[in-house]
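Undergrad: Starting from these lines, generate the structure:
(chains A, B, C and D)
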Protein chains: 4
Amino acid sequence: MTDRRTFIRQSSLLTTAGLIASAVPFAGMAQNGNNLQEKPKEENSKWLDGSRLVISVSMQFESGGQPANAESPFPQNMKKGYKDLSATTWYEYGYKEGIPRMLDNWDKLGVKITSHMVGSAVLKNPALAKEIVDRGHEAAAHGMNWATQYTMSYNDEKKFIKEGVDAIKIITGFDAIGYNANWLRRGENTLKILQELGFLYHIDDLSRDEPFIQKVNGKDFVTVPYTLRCNDIQLIEGKNFSVDQFINQVKMEFDQLYEESEKRRRQMSISFHDRIGGTPQMVQAAMELFTYMKKHQGVNFKRKDEIARMALEDKTTIRD
Amino acid sequence: MTDRRTFIRQSSLLTTAGLIASAVPFAGMAQNGNNLQEKPKEENSKWLDGSRLVISVSMQFESGGQPANAESPFPQNMKKGYKDLSATTWYEYGYKEGIPRMLDNWDKLGVKITSHMVGSAVLKNPALAKEIVDRGHEAAAHGMNWATQYTMSYNDEKKFIKEGVDAIKIITGFDAIGYNANWLRRGENTLKILQELGFLYHIDDLSRDEPFIQKVNGKDFVTVPYTLRCNDIQLIEGKNFSVDQFINQVKMEFDQLYEESEKRRRQMSISFHDRIGGTPQMVQAAMELFTYMKKHQGVNFKRKDEIARMALEDKTTIRD
Amino acid sequence: MTDRRTFIRQSSLLTTAGLIASAVPFAGMAQNGNNLQEKPKEENSKWLDGSRLVISVSMQFESGGQPANAESPFPQNMKKGYKDLSATTWYEYGYKEGIPRMLDNWDKLGVKITSHMVGSAVLKNPALAKEIVDRGHEAAAHGMNWATQYTMSYNDEKKFIKEGVDAIKIITGFDAIGYNANWLRRGENTLKILQELGFLYHIDDLSRDEPFIQKVNGKDFVTVPYTLRCNDIQLIEGKNFSVDQFINQVKMEFDQLYEESEKRRRQMSISFHDRIGGTPQMVQAAMELFTYMKKHQGVNFKRKDEIARMALEDKTTIRD
Amino acid sequence: MTDRRTFIRQSSLLTTAGLIASAVPFAGMAQNGNNLQEKPKEENSKWLDGSRLVISVSMQFESGGQPANAESPFPQNMKKGYKDLSATTWYEYGYKEGIPRMLDNWDKLGVKITSHMVGSAVLKNPALAKEIVDRGHEAAAHGMNWATQYTMSYNDEKKFIKEGVDAIKIITGFDAIGYNANWLRRGENTLKILQELGFLYHIDDLSRDEPFIQKVNGKDFVTVPYTLRCNDIQLIEGKNFSVDQFINQVKMEFDQLYEESEKRRRQMSISFHDRIGGTPQMVQAAMELFTYMKKHQGVNFKRKDEIARMALEDKTTIRD
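TA: Numbering: from 1, shown residues only, chains lettered A, B, ... in the order given. From the prediction side, this is the model:
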């Protein structure tokens, strides 16, 4: 809800601009950051490598690094001072069954994905983190732990991000160039810090179905956009979808983007969290979905680092 | 729950009327505003232009005009004093991808819709607002911003509505004659104000499956009824439906109304919000649904201004 | 959760009974109201009239009688002192479209149902209430208004029930013999009061899939059991089912009960509220479901008064 | 969310270990309980008896033993001091219809299950508890009543568990060797107590899709893992699934585990609570699902006591 002050401010804007007083077109709009010439869509854009539709798959590696009594499907009514032992085993499933099962599935499908790794989870299960990278997947940074990032000071946040990416480097040998904040909630300084630390892209933006570039500290920085629409944690745990609903919805997302990709650069994003996307039923769903998608000509599964680098090279990438 | 006072009042009514004391039919009912002759349905009514079933489609243009940290699919637990940057990008999707995608879809389908435009969203993206109108759709007013309307004073509300409709006129050139209040929640003065400002209809009423007329300030004013049953924000974000559920439910709504429309004037209402109805999966759903509907003889998609004008001309329109 | 006192009490019971001290079978159980000979099911029971499976349909007539700002699908965040005008139109739909549509559907299907009528709703729309009865359906009492019944004193509750049933009698001419409390929540005195007022049955019990008899004030009183499993308000508004889910679930309920009814007396219960079950999509669902059920031999749709009377006559009806 | 202290502690760990200061592989990880050689999965393991896939079915026997005004599908807004009579009948359904119906279904399917029995429910319906055992099913302990177990002192918890298992023994004659805590929420002492009381296994762990052994008091103790993914109370009452969603999801779980079981020991877990899994629609669902599963070669339904004993005998069982 807009409060009264906002209401008055906006009214004043209108009055100043003469919107109320007369009905003549308002020449001052552009000065308010608006632009009558704004083009609402980019037509006939293409991927640099000739792909028709690019599919970007995320695999969150978070379990084992969660804080005590982290949120889970169990009732959130634990009495203070006690450990939620059963919820802990729900998270353990993520690294004991979930990630290994998904890794096998990606191999069967011949798909390389981006694994968003929480530093504390990497330290808890270093061999598994290393195996992800060894099997050809991208390691991207996802914070040192599950802390809320948008409330940190500049220095704390920089240290927090650096520790996470260092943990990944030391354990897996991979230089992460991509970032995902806890619950996508970056702060005002996050992009600057990422730029300073050498990252090339982040994913915490839902605004488009294709990558785009913005200037951060005067240099190009890529957004490889993310989505909640084909996101296991949002659909399965947040919206209480059954697995068949997940399939139906993601399939329709694909059908539309595939159609649009005939004439325009389109990216589809799907994500799987270790303890949610790694269950038998969800891996079965991924197999069904990906098999379906792969039958379509011009569909390419790409890691987000590949997407970011291709976007940087491409002169026609959208710039915000 | 009815409180005790209401209970006593109703009991007294009954006693006064002699309902308790005797079992003879109650002659005084009509004086209480009830009417034993009330006809529960209107039979064999028809649309003036010979349509069998009229489909009324809404496209809300609201994103960009939302207040800071507006409600979104993200957890509503932001700490005070911080901006919900990721939620903002969820809204941006509405005008960067959602509306343009829907506009293309309406063209492919040959359907003209009614776009309910929030004034602040129009000012934020004037070119897009204008394009909606330029492509043949109706612009209807939806308030100057997202403020709660039913708590405003008469004067504040009148100013609020007028500013919104003026913004539409100046940016798009369209004279809006229809109104939709925030969350359908009009106040006691809203209809009078709309009548005074020259509006012909509003939609904030769910009581019927066809338009009806009531006297406001002594003149005819039309209700083009709305629904929550085929409404993307209610079903997808409110009830957590998957897109296939949306399709199934809307299809059944259509099947029944089509059947009824053989003998009686029937209107079906469907609505799509920029950031929700404009996703790939939902546009795919709209394509599937509308293609299905269009195969039925006598089905006509109409803008709400057309419906309102036809209702006003028609002597047989229901009058409440 | 059982609190500590309950825990201690139950432990004591066990100790007293010798359960802890020794492992010999516990002879004292029957004195605690338990019975080792209890037969968990009644085999080979049949309906008195030779029906194989009896379907009992409820149609709640409540809209128009609801209290101010009653719960609705709209956000329950109205500011105090204002009327929820849009929610009111959601209720109006119940008597303007819902009940008339369902009445036509029951006629097409040749099905007679039980309409649970709130007294205040009957007074608001007397002609419609009368039409329900005139078209052959049963009128059952559902309280004078939407008041919480289980907190009333004996005298208040008796007056409350009587006024409701009197309103039905005066308006429709029907002598209601069945009762349904608001949200099924009867109080400790309800059955006694119903017995005193001449009711033969109530439905506020979910414990069985067939009617049963208990002694109330020393006389036989029937329970015609109800369910939440095939109940529109619970599934559509409470659980946010789509209409196709409603169909799928009710169909499976039927399939199992039909199978069981080969050897045993079984009753299936389904319910429809005016503003929920009377929408186009739900009436389409009812048509599909009932058409399916009617194809099965021995399936009979019966009003609850018929079921209650048959249960009273039948010597083999379960007695609790 | 990880709080600041946790953040600092984890950062310190990293610094101590030299993770921040240098990028050389971290030799000290193993001392922190991590292990770079950790093998994320066990390949080519098999069930000792040659089964390909083992299905473990739970049937909770809890109704009748619930505390006053226990949680139910009814609105949780009862005024203090009143009994929730209708909710009580929802629970009664569990032993009057639910368990008997499921028992017949297991017989038809030729499946033996594990019934988790609450002591107070056994005392309330002793004949039914005994019948479960007499028909060949396993009785496992589920606490003396519905008390929260993880907050109990060692002595209270030991007494609580013992009374429950004694009740089962006295009424049914069955020596329970398996345990399930209320809402799976065991405390820090639970496994030790179970070991002392002679139990061989517990199920309150979601971390794997096969049984595993850990040392408790120096002896082998088995976990027969449980799941929320194919669990009626979680899916039907918690997530508001319709019965067809339950079927679809469980079927996909089976398909994946069956595929994996070709090369590796896999266990699938499904559970049904008396008042939820025992409804007509859910029993129909179980019949459809189990019939489907039984068509696959090498699928064996086993009681959890059989699974636990087989795991103890098997040298290749995972040890945590």
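Undergrad: for the stretch 151-300 of chain A, what spans make up the strands?
TA: Assigned by DSSP state E, counting those that start in this stretch, the strands in the stretch 151-300 of chain A fall at A:178-179, A:201-202, A:212-216, A:219-223, A:266-273, A:299-301.
Undergrad: Off-centre distance for the longest one?
TA: Centroid separation for strand A:266-273 versus its chain: 8 Å, with C-alpha atoms, centre = their mean, to the nearest Å.
Undergrad: Could you do the last one as well?
TA: Relative to its parent chain, strand A:299-301 has a centroid offset of 18 Å by C-alpha atoms, centre = their mean.
Undergrad: Next SSE downstream of it?
TA: Once strand A:299-301 ends, the next helix or strand along the chain (criterion: DSSP states H and E) is helix A:304-313.
Undergrad: how big is the angle separating that next one from strand A:219-223?
TA: 130 degrees (axes from the mean of the first three to the mean of the last three C-alpha atoms, to 10 degrees).
Undergrad: circling back to that earlier point, out of the strands of the stretch 151-300 of chain A, the one nearest residue D:113 is which?
TA: Residue D:113 sits nearest to strand A:266-273 of all the strands of the stretch 151-300 of chain A, at 31.7 Å, using C-beta to C-beta. Quick note: C-beta positions are derived from backbone N, CA and C, even for glycine.
Undergrad: quick one: that closest one to helix A:304-313, angle?
TA: Note on geometry: by the same axes, to 10 degrees, strand A:266-273 and helix A:304-313 are set 150 degrees apart in direction.
Undergrad: Would strand A:266-273 count as contacting chain D?
TA: No - Strand A:266-273 stays clear of chain D (C-beta under 8 Å from any C-beta of the partner chain), getting no nearer than 13.9 Å.
Undergrad: Equivalent analysis for stretch A:111-129, please.
TA: Yes - using C-beta under 8 Å from any C-beta, stretch A:111-129 reaches chain D at A:119, A:120, A:123, A:124, A:125, A:126, A:127, A:128.
Undergrad: picking that back up, pipe the strands of the stretch 151-300 of chain A into JSON lines and attach distance to residue D:262, mean pLDDT and mean neighbour count per row.
TA: Formatted as JSON lines, the strands of the stretch 151-300 of chain A follow (distance: least, C-beta to C-beta, whole Å; pLDDT from 0 to 100; neighbours: other C-beta atoms under 10 Å in any protein chain shown):
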{"stretch": "strand A:178-179", "distance to residue D:262": "36", "mean pLDDT": "98", "mean neighbour count": "26"}
{"stretch": "strand A:201-202", "distance to residue D:262": "40", "mean pLDDT": "98", "mean neighbour count": "25"}
{"stretch": "strand A:212-216", "distance to residue D:262": "45", "mean pLDDT": "98", "mean neighbour count": "16"}
{"stretch": "strand A:219-223", "distance to residue D:262": "42", "mean pLDDT": "98", "mean neighbour count": "19"}
{"stretch": "strand A:266-273", "distance to residue D:262": "23", "mean pLDDT": "98", "mean neighbour count": "25"}
{"stretch": "strand A:299-301", "distance to residue D:262": "26", "mean pLDDT": "98", "mean neighbour count": "20"}
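Undergrad: Spell out which parts of the stretch 151-300 of chain A neighbour chain D.
TA: A:159-160, A:162-163, A:166-167, A:169-171, A:182, A:240, A:242-245, A:279-281, A:283-285.
Undergrad: near chain B, from those?
TA: Checking these against chain B (C-beta under 8 Å from any C-beta), the matches are A:240, A:245.
Undergrad: Name only those of the residues of the stretch 151-300 of chain A next to chain D that count as buried.
TA: Neighbour-count burial (16 or more other C-beta atoms under 10 Å in any protein chain shown) is assigned, among those, to A:159-160, A:162-163, A:166-167, A:169-171, A:182, A:240, A:242-245, A:279-281, A:283-285.
Undergrad: thinking again about what came up before, most neighbours of all the residues of stretch A:111-129 next to chain D, which one?
TA: residue A:119 (29 neighbours; other C-beta atoms under 10 Å in any protein chain shown).
Undergrad: Please report phi then psi for residue A:140.
TA: For residue A:140, the backbone dihedrals (degrees, to the nearest 10) come out as phi -120, psi 150.
Undergrad: Tell me how many other residues surround residue A:54.
TA: 25.
Undergrad: could you say which helix or strand contains it?
TA: Going by DSSP H and E, residue A:54 is part of strand A:53-61.
Undergrad: Nearest to residue A:80, out of the strands of the stretch 151-300 of chain A?
TA: strand A:266-273 (27.2 Å).
Undergrad: hang on, the earlier thing: the strand holding residue A:54 vs strand A:266-273, what angle?
TA: For strand A:53-61 against strand A:266-273, the angle between stretch directions is 20 degrees (the same axes, to 10 degrees).
Undergrad: what is the mean pLDDT for strand A:53-61?
TA: Average pLDDT, strand A:53-61: 98.
Undergrad: Of the residues of the stretch 151-300 of chain A next to chain D, which belong to helices?
TA: If you go by DSSP state H, these have A:159-160, A:162-163, A:166-167, A:169-171, A:243-245, A:280-281, A:283-285 in helices.
Undergrad: Spatially central residue (nearest the centroid) of chain A, please.
TA: In chain A, the residue lying closest to the centroid (C-alpha atoms, centre = their mean) is residue A:226, at 3.7 Å.
Undergrad: ok, so what distance separates that one from residue D:283?
TA: For residue A:226, the distance to residue D:283 equals 42 Å [C-beta to C-beta, to the nearest Å].
Undergrad: picking up where we left off before, identify whichever of the strands of the stretch 151-300 of chain A lies nearest to residue C:298.
TA: With distances scored as C-beta to C-beta, the stretch of those nearest to residue C:298 is strand A:266-273 (49.6 Å).
Undergrad: Can you work out which other helices and strands pack against that closest one?
TA: The contact analysis (3 or more C-beta pairs under 8 Å, 6 or more residues apart in numbering or on different chains; DSSP states H and E) places strand A:266-273 against strand A:53-61, helix A:232, helix A:243-260, helix A:280-294.
Undergrad: Which one, of those, ends up nearest to residue D:147?
TA: Among the helices and strands packed on strand A:266-273, helix A:280-294 comes nearest to residue D:147, with 32.9 Å by C-beta to C-beta.
Undergrad: now could you export just the CA positions of that closest one as PDB?
TA: Backbone C-alpha positions of helix A:280-294 (Å, rounded to 0.1, in the frame of the first residue of the first chain) are rendered in PDB as follows:
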ATOM      1  CA  PRO A 280      13.900 -39.700  -6.200                       C
ATOM      2  CA  GLN A 281      10.700 -38.200  -7.300                       C
ATOM      3  CA  MET A 282      12.300 -34.900  -8.300                       C
ATOM      4  CA  VAL A 283      15.200 -36.600 -10.100                       C
ATOM      5  CA  GLN A 284      12.600 -38.600 -12.000                       C
ATOM      6  CA  ALA A 285      10.900 -35.300 -12.900                       C
ATOM      7  CA  ALA A 286      14.200 -33.800 -14.100                       C
ATOM      8  CA  MET A 287      14.900 -36.800 -16.300                       C
ATOM      9  CA  GLU A 288      11.400 -36.500 -17.800                       C
ATOM     10  CA  LEU A 289      11.700 -32.800 -18.400                       C
ATOM     11  CA  PHE A 290      15.200 -32.700 -19.700                       C
ATOM     12  CA  THR A 291      14.600 -35.600 -22.000                       C
ATOM     13  CA  TYR A 292      11.600 -33.700 -23.400                       C
ATOM     14  CA  MET A 293      13.600 -30.500 -23.800                       C
ATOM     15  CA  LYS A 294      16.600 -32.200 -25.500                       C
END
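Undergrad: tilt between that helix and helix D:243-260?
TA: Using the same axes, to 10 degrees: helix A:280-294 against helix D:243-260 is 80 degrees.
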